[in-house]
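here's my sequence, what's the structure:
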Amino acid sequence: MLKSILRAKYLKIRKKLFNKNKKIQFINIQKILKKIKKKNLIIGGYYPVSYEIDCLDILKKLEKKRFKIALPVIKPNFEMEFHLYSFNEPLKINSYGIPEPRNKTKVNPDILFVPLVAFDNSNFRLGYGGGFYDRYIKKLQKIKSFLSIGFAFSFQRTKKIPVEIFDKSLDLVITEKKVYK
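Okay, here's the model as predicted:
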């Protein structure tokens, strides 16, 4: 099945089945963080839009536990980078209508929370088609090792997503029901 058809199908399903009360359990994130020995971790999150599963509560809890939080900032030529963010700071709306930090401090996350439209049994993700996260993950892999974690609703899982040479699988995908490794 073509990515565009699969994308339209899962965006429609996500809109229909969206439930703001379905959440990723913070305990699942805590278990993952306990296994990482590095200190001063930077967590790259996202601001949920278009019926994406919300990660803001998790990011707030992590900030209270003194983790550094970063959100994506869209740059020219379909590029993306992450800037430090605190929930005490105001956000600005980018050209896509997505809130992003005003803070200019660019960082490279140690853990990257990734939104998605659908994911498969091999943790390949289907995004919106702009390639922002695929390009960013590829760039970040050249700089450092990090953990990529997709956040999704359980109904966003499919058997197989068509994979192209530039697509990157995620290390984990977490839904409101399960952690996929």
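
how far away from the center of its chain is the lengthiest helix in the chain?
The longest helix of the chain (DSSP state H) is helix 3-17. Relative to the centre of its chain, helix 3-17 is centred 18 Å away, using CA atoms, centre = their mean, to the nearest Å.

helices or strands next to it in the packing?
strand 118-119, strand 125-126 (3 or more CB pairs under 8 Å, 6 or more residues apart in numbering; DSSP states H and E). Backbone N, C-alpha and C define where each C-beta goes, glycine included.

hmm, try it at 7 Å
Judged by 3 or more CB pairs under 7 Å, 6 or more residues apart in numbering; DSSP states H and E, the packing partners of helix 3-17 are strand 125-126.

if we can go back for a sec, list the helices and strands whatever helix or strand comes next after the longest helix of the chain packs on?
For helix 3-17, the following helix or strand on the C-terminal side (DSSP states H and E) is helix 26-35. For helix 26-35, the elements it packs on are helix 56-64, judged by 3+ CB pairs under 7 Å, 6+ apart.

which parts of the helix it packs on are buried?
58-59, 62-63 (16 or more other CB atoms under 10 Å).

what's the most distant pair in the residues you listed?
58 and 63 (9.8 Å; CB to CB).

list the buried ones in the longest helix of the chain?
So for helix 3-17, counting by 16+ other CB under 10 Å, buried means 3, 6-7, 10-11, 13-14.

could you do stretch 13-30 as well?
Buried residues in stretch 13-30, defined by neighbour count with 16+ other CB under 10 Å: 13-14, 24, 28-29.

now swap in stretch 143-155 and tell me
146-153, 155.

for stretch 73-81, same thing?
The neighbour-count check on stretch 73-81 (16+ other CB under 10 Å) flags 73, 80-81 as buried.

with stretch 171-181 instead?
171-176, 180.

averaged pLDDT, that stretch. What do you get?
Over the span of stretch 171-181, the pLDDT mean works out to 95.

kindly report the same for stretch 11-22.
90.

only C-alpha atoms, please: export it in CSV.
In CSV, the C-alpha atoms belonging to stretch 11-22 read as follows (Å, rounded to 0.1, in the frame of the first residue of the first chain):
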residue,chain,number,x,y,z
LEU,A,11,-5.0,10.1,10.1
LYS,A,12,-8.8,9.5,9.7
ILE,A,13,-8.7,6.6,12.2
ARG,A,14,-6.7,8.8,14.7
LYS,A,15,-9.2,11.6,14.4
LYS,A,16,-12.1,9.3,14.9
LEU,A,17,-10.7,7.3,17.8
PHE,A,18,-8.8,10.2,19.5
ASN,A,19,-9.4,10.3,23.2
LYS,A,20,-7.5,12.9,25.2
ASN,A,21,-7.8,10.7,28.3
LYS,A,22,-5.6,8.0,26.8
